[in-house]
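> Only the shape, not the letters, is given here:
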């Protein structure tokens, strides 16, 4: 081994400087540890408050649960989901044949002058889902003429996009198929 050292690898650090630097690093590390412990204590307190608030909100006494259970009734929509379409802009105006086929009873059908828009309006997700639910329900109840009337109304009053177009074509195909089977039978 040679006594000559590479100048790039040699570090000239006096022991006094090293000791002061190490002591400083150790103090900074201790301060960081104390700060971390204090922050953890704060987050534990906040976590306990959140847990208590959540428990107070979701906790039922046995009496509360029994009272709610006794007052509960299931919501049953059998053939009435299409009524949501009456409040659309533009509203769905069902024909007399439609109303008779779905056994509408006393339904307030919007008048002809209630149309506030002249062109096609953009179909948002909420409206798309409502139309789809109405079509699905009436299809299930085998009210194919009613489904056809809803799809015709929707095509006339709402802007198309690829997803909407594909859905309407699918509905129309199924309805034509089912109506042709009904005519044969």
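It's in. Quantities reported herein were computed from a predicted structural model and do not represent experimental measurements.
> Skip the chain neighbours and tell me the closest residue to residue 120.
Leaving out its chain neighbours, the residue that sits closest to residue 120 by C-beta to C-beta, 6 or more residues apart in numbering is residue 159, at 4.7 Å. (Each C-beta comes from the backbone N, C-alpha and C, glycine too.)
> now do residue 128
The shortest distance from residue 128 to any non-neighbouring residue, by C-beta to C-beta, 6+ apart, is to residue 164 (6.8 Å).
> so what secondary structure elements neighbour the host helix or strand of the one you found?
Element membership for residue 164, per DSSP states H and E: helix 162-184. Judged by 3 or more C-beta pairs under 8 Å, 6 or more residues apart in numbering; DSSP states H and E, helix 162-184 is in contact with helix 125-140, helix 144-157.
> buried set for it?
By 16 or more other C-beta atoms under 10 Å, the buried positions in helix 162-184 come out as 164, 167, 168, 171, 175.
> Can you lay out these as CSV showing distance to residue 62?
Formatted as CSV, those follow (distance: C-beta to C-beta, whole Å):
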residue, distance to residue 62
164, 49
167, 47
168, 51
171, 49
175, 51
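> Sort these by pLDDT and name the bottom one.
Ranked by pLDDT, the buried residues of helix 162-184 bottom out at residue 164, which scores 80.
> Give me the neighbour count for the closest residue to residue 134 other than its chain neighbours.
Excluding its sequence neighbours, the residue lying closest to residue 134 (C-beta to C-beta, 6+ apart) is residue 82, at 4.1 Å. A count of neighbours around residue 82, defined by other C-beta atoms under 10 Å, yields 26.
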